[in-house]
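Chemist: how does the following fold in three dimensions:
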Amino acid sequence: MDAVESAVKAMEDNPIFNAGMGSALTYSGTVEMDAAIMDGEMLSAGAVALVRRVKNPVVLARIVMENTDHVLLAGLTAERLARAFHLPSSNPITPKRRKALTRAKKQAAQGRVPWLKRNAAFLRRHPEVLGHDTVGAVAMDAAGHFASAASTGGMVMKLPGRIGDTPLIGSGLYSDKSGTATVTGWGEIAVKLGLARTMCLMMENGMSAPKAAVKCVRWASSRLHGHAGIIAIDRKGRIAAVHNTAYMPWAYASDSVKSLRAYEYGKRVARLT
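Modeler: So this is what the prediction gives:
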């Protein structure tokens, strides 16, 4: 649990990612962030949605899991919980995200926004328009227990109040005794297909993490023609990182490798100590 929380927290603090600092903006120019975390051994989970000024939503999601009888808290109540636990606040809006919103609105006025016109060809040429790069982390400990965490600012130019897959247990992430998975991509696709839970069901039935991830991503492509990416670990420690988007940077570390390994465009790009 500490590993996945720390990994996601680090990405929330980095403005290059669409989570925490640097989150995508709604149509109104505001930020509404979602996050979730799950313990596969106990099936404990916590999530928050529509939070605006919490510096690290994933930390708040864990507070929901460990200190309330609920799984998901949203909006004002979640913000009050953050203040009660003295979590740091911040303004996550960056100049880069303001420019992205302005660009998206201009493209919408020209009828070129894919989620309005369903223009797949345009989306392939300009994947940055969606800005749906959810961050996630999965982990397995020495005893074979699984955990997962995820965080996102959501889709660029989304309607205020829109909640995607990230805080929905079974859609954006899931962990149980068979494995663990987090999902990125077009949130509505993951919600409709329950992708994270489907991944774990496949692994429970004996499918390896790589094969299950390929099947789920292909399913998202063929059934709903949407973007999806999955990272996962199965009970044998096999890892998966599969996506149908132009890119999905990812990295992993384990007892069997001496340093963290990072990948982009399907190729290893870094060996970090």
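Chemist: from now on I want contacts and neighbour counts done on CA atoms only, so please keep to that.
Modeler: Fine.
Chemist: how about I16, nearest residue that isn't a chain neighbour?
Modeler: G22 (6.6 Å; CA to CA, 6 or more residues apart in numbering).
Chemist: residues near that neighbour, how many?
Modeler: 24 (other CA atoms under 10 Å).
Chemist: roughly how far does it sit from T77?
Modeler: 23 Å (CA to CA, to the nearest Å).
Chemist: any low-confidence regions in the stretch 101-250 of the chain?
Modeler: Along the stretch 101-250 of the chain, the parts satisfying pLDDT under 70 run over 108-132.
Chemist: now do 50
Modeler: 115-124, 127-129 (pLDDT under 50).
Chemist: what segments of it are strands?
Modeler: 135-140, 146-152, 173-175, 179-185, 228-234, 239-243, 250-252 (DSSP state E, counting those that start in this stretch).
Chemist: can you put the ones you listed in TSV and add distance to T102 and mean neighbour count?
Modeler: Listed next are those as TSV, based on distance: least, CA to CA, whole Å; neighbours: other CA atoms under 10 Å:
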stretch	distance to T102	mean neighbour count
strand 135-140	23	27
strand 146-152	20	34
strand 173-175	31	35
strand 179-185	21	32
strand 228-234	25	28
strand 239-243	28	22
strand 250-252	29	17
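Chemist: using JSON lines, lay out those together with distance to N56.
Modeler: Formatted as JSON lines, these follow (distance: least, CA to CA, whole Å):
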{"stretch": "strand 135-140", "distance to N56": "12"}
{"stretch": "strand 146-152", "distance to N56": "9"}
{"stretch": "strand 173-175", "distance to N56": "18"}
{"stretch": "strand 179-185", "distance to N56": "18"}
{"stretch": "strand 228-234", "distance to N56": "21"}
{"stretch": "strand 239-243", "distance to N56": "25"}
{"stretch": "strand 250-252", "distance to N56": "20"}
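Chemist: so which of those gets nearest V31?
Modeler: strand 146-152 (10.3 Å; CA to CA).
Chemist: state the distance from the closest residue in space to V64 that isn't next to it in sequence to V59.
Modeler: Spatially, and ignoring its direct neighbours in sequence, V64 is nearest to G46 (5.1 Å; CA to CA, 6+ apart). For G46, the distance to V59 equals 10 Å [CA to CA].
Chemist: ramachandran coordinates for M38?
Modeler: phi -150, psi 140 (degrees, to the nearest 10).
Chemist: what bridges to it?
Modeler: With DSSP bridges as the criterion, M38 is bridged to A45, S148.
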